[in-house]
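Undergrad: take this sequence and fold it.
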Amino acid sequence: MNNDYLDPINSLHVPELADTTFAMDFLIRAKEAVRNTAVALTETSSPDLRVMLRKQLMQSIAMHQEITELMVEKKWFHPHDLKEQYKLDQLSAKNTIMVGNMNLFPIETNRKGMFDRTPDEH
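TA: Below you'll find the predicted structure:
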C-alpha cells in the first residue's frame, strides 16, 4: 500500500472488509436483542405483553441464527474452530491498527487529474 490514502488503488478490498464489519456488528446487535428481550420477558407480569415478548424473543433468536449461518458460510466467522477465528481476529486487529496509523487528513487533498475523467463526464 502506498502512503497516499486518497489514491483509489488503496480502496481495493475495502467493500469486503466493510461487509465483514457490518455483519459482525449486526450479529452483536442481534445477540443484544435476544438478551434484552429475555430480560424484559422475565420482568413483565402482563400476560399479553409476555406473549408478545416470547414471539419477539423467538424472532430475535432466528435472526441471530440466520446472521451466524451467513457469516459461517462466507468464512467471516468460525464459532467452532478457535484457531481459524483467532486468525481472523488477528487480521482484524492488524487492519484496525493500520487504519489508525493512516494520515487520513493530509494537508494536500487536491486529487484533480488522478481520474480518467471529470465527475461531470459520463
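Undergrad: show me the shaky parts of this protein.
TA: Within the chain, the ranges that satisfy pLDDT under 70 run 1-8, 10-11, 106, 108-122.
Undergrad: and with 80 instead?
TA: 1-15, 98-122 (pLDDT under 80).
Undergrad: longest single helix anywhere in it?
TA: helix 14-43 (DSSP state H).
Undergrad: what's the first helix or strand after that helix?
TA: Downstream of helix 14-43, the first helix or strand assigned by DSSP states H and E is helix 47-73.
Undergrad: got a list of contacts for the next helix-or-strand element following that following helix?
TA: Using DSSP H and E, the helix or strand that follows helix 47-73 in sequence is helix 82-101. The contact list for helix 82-101 (CB atoms under 8 Å, 6 or more residues apart in numbering) reads Leu17, Trp76, Phe77, His78, Pro79. Backbone N, C-alpha and C define where each C-beta goes, glycine included.
Undergrad: stretch 31-43 too?
TA: Outside stretch 31-43, the residues touching it (CB under 8 Å, 6+ apart) are Arg50, Leu53, Arg54, Gln56, Leu57, Ser60, Ile61, Met63, His64.
Undergrad: which parts of that stretch are buried?
TA: Going by neighbour count (16 or more other CB atoms under 10 Å), the buried part of stretch 31-43 is Lys31, Ala33, Val34, Thr37, Ala38.
Undergrad: same deal with stretch 45-65?
TA: Leu53, Gln56, Leu57, Ser60, Ile61, Met63, His64.
Undergrad: adding distance to Met71, write these out as a markdown table.
TA: Supplementary listing: the buried residues of stretch 45-65 in a markdown table, determined by distance: CB to CB, whole Å:
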| residue | distance to Met71 |
| --- | --- |
| Leu53 | 27 |
| Gln56 | 23 |
| Leu57 | 21 |
| Ser60 | 17 |
| Ile61 | 16 |
| Met63 | 13 |
| His64 | 11 |
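Undergrad: can I get stretch 24-35 in PDB, CA atoms only?
TA: Written as PDB, here are the backbone C-alpha positions of stretch 24-35 (Å, rounded to 0.1, in the frame of the first residue of the first chain):
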ATOM      1  CA  MET A  24     -20.300  -8.700  12.900                       C
ATOM      2  CA  ASP A  25     -21.900  -5.600  14.200                       C
ATOM      3  CA  PHE A  26     -25.300  -6.900  13.100                       C
ATOM      4  CA  LEU A  27     -24.600 -10.200  14.900                       C
ATOM      5  CA  ILE A  28     -23.700  -8.400  18.100                       C
ATOM      6  CA  ARG A  29     -26.800  -6.300  17.900                       C
ATOM      7  CA  ALA A  30     -28.900  -9.500  17.300                       C
ATOM      8  CA  LYS A  31     -27.400 -11.000  20.400                       C
ATOM      9  CA  GLU A  32     -28.200  -7.900  22.400                       C
ATOM     10  CA  ALA A  33     -31.800  -8.100  21.200                       C
ATOM     11  CA  VAL A  34     -32.000 -11.700  22.400                       C
ATOM     12  CA  ARG A  35     -30.600 -10.800  25.800                       C
END
